[in-house]
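Trainee: this one's structure only:
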């Protein structure tokens, strides 16, 4: 793996950077084909100016739209939304106004789940054609209520296929997870990884030195672009958590463009640990 990293860097120094692929090569956006669009405030009665937990109402909206053949779009207008453990489902897209602020209602855990828990029967449920994106600019994920070293994060991606996370800024408090993790789901000897996805236009402030904005432990055919961070590592390809998955469950066909970091450890780190990985292209 060290040799692969040296080859990538040498190619960049020599001016032979990888040609940047188009986003549509990684994510087939179905938002224009949805069957229904709803407003979380107008249609579901969420009050975006109070401090009440909005998780139940947002999950209800997701569940209802996921039952439609072509799914739906949920718009979150400007305001504050208190959320935790939100499970995205097939063909549902969340669109956040640039003045929307997402606040966790628990001191630990993940706010959004794209693909379900790493172990157990839920891991068998594949999530397809989903997105979380900003509208008009970057929405905010405010994790400052989390304690230093607490395990609190924006989102994880596990058994998910064809996904997008875009246009976001994370205000962290040195919590003990990367803002977005891309990992594995497993049940009864079956293993699944996130695949065919784009994560772009994201930033984190006050990231933990051991974590950062994005950590990928397993994933295939992924594009990362326009990502930045203050503290930690902006893009970390590091497979250390899973030792019993088969060899083909690795990091492969991954591209990264315009990755930067300030006052942190690194813009990009690649660590194989327990896996032999495939192709990675970083510019």
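Mentor: Arrived safely. Since the model is a prediction, treat every value here as computed from it, not as a measurement.
Trainee: Tell me who's in contact with residue 261.
Mentor: 212, 228-230, 232-234, 267 (C-beta atoms under 8 Å, 6 or more residues apart in numbering). Bear in mind the C-beta positions are built from the backbone N, C-alpha and C, glycine included.
Trainee: For those residues, give me JSON lines that also has secondary structure.
Mentor: JSON lines is the format used below for the contacts of residue 261 (DSSP: H, G, I helix; E, B strand; the rest coil):
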{"residue": "212", "secondary structure": "strand"}
{"residue": "228", "secondary structure": "strand"}
{"residue": "229", "secondary structure": "strand"}
{"residue": "230", "secondary structure": "strand"}
{"residue": "232", "secondary structure": "coil"}
{"residue": "233", "secondary structure": "strand"}
{"residue": "234", "secondary structure": "strand"}
{"residue": "267", "secondary structure": "strand"}
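Trainee: And the residues you listed, which is closest to residue 100?
Mentor: Minimum separation from residue 100 among the contacts of residue 261 (C-beta to C-beta) is found for residue 228, which lies at 20.2 Å.
Trainee: ok, now how distant is residue 203 from residue 138?
Mentor: Using C-beta to C-beta, to the nearest Å, residue 203 is found at 7 Å from residue 138.
Trainee: and for those two, which residues touch both?
Mentor: Contact criterion C-beta under 8 Å, 6+ apart; residues shared by residue 203 and residue 138: 168-169.
Trainee: My read is that residue 194 contacts residue 114, right?
Mentor: Yes. Taking contact to mean C-beta atoms under 8 Å, the distance of 7.4 Å between residue 194 and residue 114 places them in contact.
Trainee: intersection of neighbour lists for these two?
Mentor: Taking C-beta under 8 Å, 6+ apart as the contact definition, residue 194 and residue 114 share the neighbouring residues 157-158, 160, 163.
Trainee: Neighbour-wise, give me the winner out of these.
Mentor: Using other C-beta atoms under 10 Å as the neighbour criterion, residue 157 leads those with 28 neighbours.
Trainee: List phi and psi for the residue most central in space within the chain.
Mentor: Nearest residue to the geometric centre of the chain (C-alpha atoms, centre = their mean): residue 180, 4.3 Å. Taking degrees, to the nearest 10, you get phi -130, psi 130 for the backbone angles of residue 180.
Trainee: What of residue 33?
Mentor: Phi and psi for residue 33, reported as degrees, to the nearest 10, are phi -100, psi 10.
Trainee: what's the closest non-adjacent residue to it?
Mentor: Leaving aside its chain neighbours, residue 33 sits nearest to residue 70 (5.5 Å; criterion: C-beta to C-beta, 6 or more residues apart in numbering).
Trainee: who's in contact with that neighbour?
Mentor: Contact analysis of residue 70 by C-beta under 8 Å, 6+ apart lists 30, 33-35, 91.
Trainee: Since that was my last question, I'll sign off now.
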